[in-house]
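Visitor: I'll drop the sequence and a predicted model, then ask my questions.
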Amino acid sequence: MKKIKILAFLCTLGLLASTSAVADLKTDRSVILNDGTHKVSATARFSKEITGDLYIATQIAEQLIFIIEGGASSLDPTPFIANSTFSDDISILEISGEGIPPGEYPLFKLIVLSGASPLDVTNWIGGINGLSKINFIIGLPVEESLDFNDDGFPDDDLNRDGFHD
């Protein structure tokens, strides 16, 4: 049953765009070299004060991985920060791109009612619009990243979320 819920959660995440009204994920660059010259960094920005559990997750090879404050990770749904009030920007990721295998890595953020399951969309504050996501394109050639002007984003990514528009 748990695997079915996680699969449904992954499908939901994959279908949604980053149009959060409550909080967004931001990055200075989504196209990252994996030779140590670039960092993978992301910030959660909050447009208004909100209370709940902050979840940060990524997906690698169809496996959802939850990121925990301090850089640890978990395969089980674990909040990045539990039961808090958020209003200021929070740095959620700051790591070197060095050695990361080439590929695309989405990063998801959502706020869930304190103590509730993030695998149930009815617990998401803001519902479907409570989800924010960005995409990191790491170590891929320019022909795949489409960052021909070297500004850190695909040239067709007008909203700078790392996804081709």
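Guide: That came in fine, so what should we check first?
Visitor: any weak-confidence spans in the chain?
Guide: For the chain, applying pLDDT under 70 flags the ranges 1-23.
Visitor: What is the neighbour count of the nearest residue to residue 149 once chain neighbours are set aside?
Guide: Spatial nearest neighbour of residue 149, chain neighbours left out: residue 155 (5.9 Å); criterion: CB to CB, 6 or more residues apart in numbering. All C-beta atoms are positioned from the backbone trio N, CA, C, and that covers glycine. Neighbour count of residue 155, defined by other CB atoms under 10 Å: 16.
Visitor: Let me see the backbone angles for residue 155.
Guide: Phi and psi for residue 155, reported as degrees, to the nearest 10, are phi -60, psi -20.
Visitor: Begin at 39 from now on, thanks
Guide: Will do, 39 is the new start, and the previous item becomes residue 193.
Visitor: That one touches residue 185, doesn't it?
Guide: Yes: with contact defined as CB atoms under 8 Å, residue 193 reaches residue 185; the gap is 6.4 Å.
Visitor: Is residue 116 in contact with residue 102, as I believe?
Guide: No: between residue 116 and residue 102 there is no contact under CB under 8 Å: 11.2 Å.
Visitor: does residue 182 count as helix, strand or coil?
Guide: helix (DSSP: H, G, I helix; E, B strand; the rest coil).
Visitor: do you know how far the residue most central in space within the chain is from residue 201?
Guide: Compute the mean C-alpha point of the chain, and by CA atoms, centre = their mean the closest residue is residue 145, 2.0 Å away. To residue 201, residue 145 is 11 Å away according to CB to CB, to the nearest Å.
Visitor: anything in contact with each of those two?
Guide: The overlap between the contact sets of residue 145 and residue 201 (CB atoms under 8 Å, 6 or more residues apart in numbering) consists of 172, 173.
Visitor: Quick one: the strands in this structure, in order.
Guide: For the chain, the strands defined by DSSP state E cover 61-64, 69-70, 77-84, 88-98, 101-105, 111-112, 119-124, 128-134, 141-150, 170-176.
Visitor: Apart from its neighbours in sequence, what residue is nearest residue 189?
Guide: Take residue 189 and drop its neighbours on the chain: the residue closest to it by CB to CB, 6+ apart is residue 67, 7.8 Å away.
Visitor: close enough to count as contact, that neighbour and residue 195?
Guide: No: Residue 67 is beyond contact range of residue 195, at 10.8 Å (criterion: CB under 8 Å).
Visitor: what's the burial count for residue 125?
Guide: Residue 125 has 13 neighbouring residues, counting by other CB under 10 Å.
Visitor: Could you pull up the residues touching it?
Guide: 84, 86, 87, 88.
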